[in-house]
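**Student:** sequence first, then the predicted structure, then my questions.
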Amino acid sequence: MGIHPSWSVLAGASCVLALLLATLLLVAQPSFAGTPPPDPALLVAAPAEAQLEAPAEALAEAQLSVPGEVPGEVPGEVPGEVPGEAPQPPSLPLGADPPRRSLVGTFTATIRTWDATATAVRMDQDQAMHDLLSAGLRWKSSGHCVNADRRTCTSLEDIRYGTLMQAIDLKRVSGCPIIVTGGTEKGHAGGRFSHRKGFKVDIAHNACVDSFITRTYRFWKVRGDGADLYRPPPMPGLPPDLDVYADEPTHWDILFR
């Protein structure tokens with residue numbers, strides 16, 4: 001009796017052959033992408049790995065950047081300034097006057113800005129002493145007092161403003177130390193242009209002031225008590241006997257008119 005295969009068996013064999021053939025074709029053909037498809041697990045882990053592999057320079061820039069700063073600029077730097085140089089004060093416009101400074105209370109202001117129209121004004125002790133000491137002159141009294149009614153005192157009470165200012169001028173022009181030893185106190189000779197009237201001061205001898213007076217002013221004559229008298233050279237518009245410097249044994253007796 002002959003064996004005849006059934007149609008179902010033949011169909012199953014054909015399917016198996018077709019699958020084998022398709023598998024062989026797939027293995028024999030090259031991949032069009034050139035690389036196998038990425039693993040989904042690697043795709044998930046890729047961002048973390050990329051962060052770890054970021055260049056060190058990029059990380060350093062991210063750490064050093066401060067919000068609000070402009071990239072490339074040094075913090076605290078002002079545009080237009082040269083690094084390492086101190087900022088300069090604003091310059092004045094061409095031809096502008098420099099800022100004015102107050103000279104009140106300074107030596108220059110005291111001796112150069114006095115009002116010549118107030119020459120005859122009388123000063124009290126406190127104001128006269130303040131101006132005298134502020135200008136760098138010194139004061140001396142054998143009795144260590146300022147009482148105008150005591151002979152041993154050295155008082156500036158009621159001294160003329162012009163007399164005091166010209167004593168200050170003497171220090172300025174001579175550059176010498178000036179020590180006032182006599183003012184308006186009692187004990188001096190009387191007269192119209194006397195100590196008591198506020199026209200005279202006595203200053204102590206020293207080599208500097210002695211040399212200045214005898215070299216700068218002209219010898220005039222000898223006074224009745226033997227004192228040599230010196231006075232400034234004649235000047236146009238001024239009387240010849242305006243100021244007189246009397247060289248007494250212990251001091252200069254000076255008349256300022």
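**Tutor:** Happy to help now that I have it.
**Student:** residues touching Ile178, list them.
**Tutor:** Gly136, Leu137, Arg138, Ala167, Leu170, Lys171, Ile203, Val209 (CB atoms under 8 Å, 6 or more residues apart in numbering). Placement of C-beta: from N, CA and C, glycine included.
**Student:** thought the third one was touching Cys176?
**Tutor:** No. Look at Arg138 against Cys176 with CB atoms under 8 Å: they stay out of range, at 11.6 Å.
**Student:** among those two, which residue is more densely surrounded?
**Tutor:** Cys176 (18 against 14; other CB atoms under 10 Å).
**Student:** element containing that one?
**Tutor:** Take DSSP states H and E as the rule and Cys176 turns out to sit in neither a helix nor a strand.
**Student:** once you drop chain neighbours, what's closest to it?
**Tutor:** Residue nearest to Cys176 in three dimensions, not counting chain neighbours: Cys208, with 3.7 Å by CB to CB, 6 or more residues apart in numbering.
**Student:** per-residue pLDDT, the one you found?
**Tutor:** The score at Cys208 is 98. That number is its pLDDT.
**Student:** now the strands for the stretch 151-257 of the chain?
**Tutor:** With DSSP state E, counting those that start in this stretch applied, the stretch 151-257 of the chain shows strands at 159-160, 179-182, 200-204, 218-222, 228-231, 243-247, 251-256, listed in chain order.
**Student:** and the first one, what other elements does it pack with?
**Tutor:** Helices and strands touching strand 159-160, as assessed by 3 or more CB pairs under 8 Å, 6 or more residues apart in numbering; DSSP states H and E, comprise strand 122-123.
**Student:** give me the helices and strands touching the strand it packs on, please.
**Tutor:** Packed on strand 122-123, when contacts are counted by 3+ CB pairs under 8 Å, 6+ apart, are strand 159-160, helix 161-174.
**Student:** cool, thanks, talk later.
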